[in-house]
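S.K.: here's a sequence, model it:
(chains A and B)
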Amino acid sequence: MTDYRSIFAEGLWRNNVVLSQCLALCPLLAVTSSATNGLGLGLATLAVMVCANLLASVFQPAISRAVRIPINILMIATLVTLTDLLLNAWMHSLHKVLGLFIPLIVTNCAILGRVESFASKQAPVPAIADGVAMGLGFTWVLVVLGGFREVLGSGTLFADASLLLGSSFEFLELTIIPDYRGLLLMILPPGGFLVLGFMLMAQRLLQTWLQSRQLRIQGEQSCA
Amino acid sequence: MLPCIQKQLDRIRDNTSYQASSLAAATAIATGLLLLVSQLTAPAIAMRQQEDQQMALALVMPSERYSNNILATAKSFRLDGRTYQLFTAFDNGVSAGYVVETEADGYAGPIKLMIGLDERLQIIGVRVLSHAETPGLGDKIEVSKHKWITSFDGLSLANTGDDKWQVKKDGGQFDQFSGATITPRAVVRQVHQTLRDMESVANQQATEQLSAAEQGASS
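M.R.: Reported below is the predicted structural model:
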């Protein structure tokens, strides 16, 4: 019996790709100059992660340990290239927004990490669940990080979201600070490191607080 | 799985030739898939790129100005190491202007420019197709961020002297952006250079046509 609740808790929070494993920082810092960009890369990564986990779990009995890593790398690179080609041909406006980031997915060690440490030891359904959980965990961190940098750096939130999601999502495009002259530092790479640093700090503080609260509750229960 | 099958499987998987052939098979499948999909998507991608180019052209050359298939007139040429992609517009057989695609040396790599010129080589419009300039500083050359690029509209070598084709800091007539002078300087220089190169190209074409006409008349 697989514990799906714990799979999702792991992916979204406890073992989050960015906040806890500190993986995938290269594409993360490169694209999060806006919330829309973060969302785009997050969704693309999610899709590749789910497919990679599924394939790894299906073919796991046939693959020997000795050649597992090269085969997994080959599989991920192929998936990413296929995604790039298909998007370019049939979802061209999406590809114009995402195109830059798709090759970056290959550099994302988090995908190989999940395939290696989870999917290649699990049945297909839990492997898919893990891909979804880890991908969503990655996506929300990207969106929050991109959102902070965008609001502080250019005073908008979700600018150009309609290019990514279609014109029905135009309501997402907000100007938080009108006539803002922009804080360049936040858009440039140092801003990525700064905001990520603050997010990591917040995550650690929250985690410590949660743990101490849990201990206190346990203590009270044992006293009673 | 039954233990005996499991054991059998383990023995097969430990075999080096099995490992090598499984890696080879995986590579073959991946290559096949990529080949197939790239074949399937090639025409669609080419069509999308053509649409993109058409849209970029429409930015600097309004479609009511010409009647020919402007994309089919694409011609690349080099002049003293500078590369240009030239599209010639005709309106019912009469020259209606040019669209020139060229690159300026930006602060962080090439800035791809598209310049529309009317038949007297006066600028209709200039647009930046792609660039890698600093966000928030150099990216004001994009028309969606700042109207600076429209300051080229209507200019030509005839109505703007050589010394005016510079940013204000260098004594010319174009604004620079605070904190970013290199980017506008590069764009101004390249647009000016393109106008001068286009003048020589147009002159050359005119002479060729004239000599062709003369040959036609004498024979």
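S.K.: elements contacting the strand or helix carrying residue A:220?
M.R.: Assessed by DSSP states H and E, residue A:220 sits inside helix A:189-223. For helix A:189-223, the packing partners by 3 or more CB pairs under 8 Å, 6 or more residues apart in numbering or on different chains; DSSP states H and E come out as helix A:25-31, helix A:124-154, helix A:184-187. Heads up, the C-betas are built off the backbone N, CA and C, glycines and all.
S.K.: switch to 7 Å and redo it
M.R.: If you count contacts as 3 or more CB pairs under 7 Å, 6 or more residues apart in numbering or on different chains; DSSP states H and E, helix A:189-223 packs onto helix A:25-31, helix A:124-154.
S.K.: mind listing what's buried in the first one?
M.R.: So the one you mean is helix A:25-31. For helix A:25-31, the buried set under the neighbour-count rule, 16 or more other CB atoms under 10 Å in any protein chain shown, comprises A:25, A:27, A:28, A:29, A:30, A:31.
S.K.: the last one contacts residue A:103, correct?
M.R.: Meaning residue A:31. No. Taking contacts as CB atoms under 7 Å, residue A:31 lies outside contact range of residue A:103: 11.6 Å.
S.K.: hang on, the earlier thing: now do the helix holding residue A:220, average pLDDT.
M.R.: Helix A:189-223 carries an average pLDDT of 87.
S.K.: distance between it and the chain's centre?
M.R.: 20 Å (CA atoms, centre = their mean, to the nearest Å).
S.K.: just the buried residues of it, please?
M.R.: Buried residues in helix A:189-223, defined by neighbour count with 16+ other CB under 10 Å: A:191, A:192, A:195, A:196, A:199, A:203.
S.K.: the inter-axis angle of it versus helix A:124-154?
M.R.: 130 degrees (axes from the mean of the first three to the mean of the last three CA atoms, to 10 degrees).
S.K.: gap between the residue nearest to residue A:15 when sequence neighbours are not counted and residue B:9?
M.R.: Leaving aside its chain neighbours, residue A:15 sits nearest to residue A:21 (6.5 Å; criterion: CB to CB, 6 or more residues apart in numbering or on different chains). Distance of residue A:21 to residue B:9, given as CB to CB, to the nearest Å: 32 Å.
S.K.: same list (the buried residues of helix A:25-31) but as a markdown table, adding pLDDT and distance to residue B:129.
M.R.: Below are the buried residues of helix A:25-31 laid out as a markdown table (pLDDT from 0 to 100; distance: CB to CB, whole Å):
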| residue | pLDDT | distance to residue B:129 |
| --- | --- | --- |
| A:25 | 81 | 31 |
| A:27 | 78 | 25 |
| A:28 | 82 | 28 |
| A:29 | 82 | 26 |
| A:30 | 78 | 22 |
| A:31 | 80 | 21 |
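S.K.: quick one: contacts for the residue nearest the centre of chain A?
M.R.: In chain A, the residue lying closest to the centroid (CA atoms, centre = their mean) is residue A:138, at 1.8 Å. By CB atoms under 7 Å, 6 or more residues apart in numbering or on different chains, the contact set of residue A:138 is A:17, A:18, A:24, A:42, A:45, A:110.
S.K.: swap in residue B:108?
M.R.: Residue B:108 neighbours (CB under 7 Å, 6+ apart): B:132, B:133, B:134.
S.K.: now with 8 Å?
M.R.: For residue B:108, the contact set (CB atoms under 8 Å, 6 or more residues apart in numbering or on different chains) comprises B:131, B:132, B:133, B:134, B:138.
S.K.: ok, residue B:53 next?
M.R.: Counting by CB under 8 Å, 6+ apart, residue B:53 touches residue B:71.
S.K.: and it, which helix or strand is it part of?
M.R.: Per DSSP H and E: residue B:53 is located in helix B:16-60.
S.K.: now do residue B:110
M.R.: Here residue B:110 is covered by strand B:109-117, with elements defined by DSSP H and E.
S.K.: show the model's pLDDT score for the residue nearest to the centre of chain A.
M.R.: Value for residue A:138, per-residue pLDDT: 92.
S.K.: list the buried ones in stretch B:134-154?
M.R.: Buried, per 16+ other CB under 10 Å, within stretch B:134-154: B:134, B:135, B:136, B:137, B:138, B:139, B:140, B:141, B:148, B:149, B:152.
S.K.: any weak-confidence spans in the chain?
M.R.: With no chain named, the answer covers chain A. Low-confidence segments of chain A (pLDDT under 70): A:1, A:163, A:181, A:223-224.
S.K.: look at chain B instead
M.R.: Along chain B, segments meeting pLDDT under 70 span B:1-2, B:216-219.
S.K.: show me which residues of chain B sit near chain A.
M.R.: Neighbours of chain A within chain B, by CB under 8 Å from any CB of the partner chain: B:9, B:13-14, B:18-20, B:22-23, B:26-27, B:30, B:33-34, B:37-38, B:40-41, B:44-45, B:48, B:51, B:134-137.
S.K.: surely residue A:85 is in contact with residue B:39?
M.R.: No. Here residue A:85 does not reach residue B:39: they are 10.0 Å apart, not a contact under CB atoms under 8 Å.
S.K.: more neighbours: those two, which one.
M.R.: Set side by side, residue A:85 and residue B:39 show more neighbours around residue A:85, with 20 against 9, by other CB atoms under 10 Å in any protein chain shown.
S.K.: what's the host helix or strand of the more buried one packed up against?
M.R.: For residue A:85, the host element (DSSP H and E) is helix A:68-90. Applying 3+ CB pairs under 8 Å, 6+ apart, one finds that helix A:68-90 contacts helix A:35-59, helix A:92-98, helix A:102-106, helix A:109-117, helix B:16-60.
S.K.: now, of these, which is deepest in the fold?
M.R.: Each of these was scored by mean neighbour count; the highest is helix A:35-59, a mean of 23, by mean count of other CB atoms under 10 Å in any protein chain shown.
S.K.: just checking, the residue nearest to residue A:15 touches residue A:111?
M.R.: No. Residue A:21 is beyond contact range of residue A:111, at 12.0 Å (criterion: CB under 8 Å).
S.K.: tell me the contacts of residue B:57?
M.R.: Residue B:57 makes contacts with B:70, B:71, B:87, B:99, B:114, as judged by CB under 8 Å, 6+ apart.
S.K.: redo that, cut-off 6 Å
M.R.: By CB atoms under 6 Å, 6 or more residues apart in numbering or on different chains, the contact set of residue B:57 is residue B:99.
S.K.: any idea how far it is from chain A?
M.R.: Separation of residue B:57 from chain A (CB to the nearest CB, to the nearest Å) stands at 17 Å.
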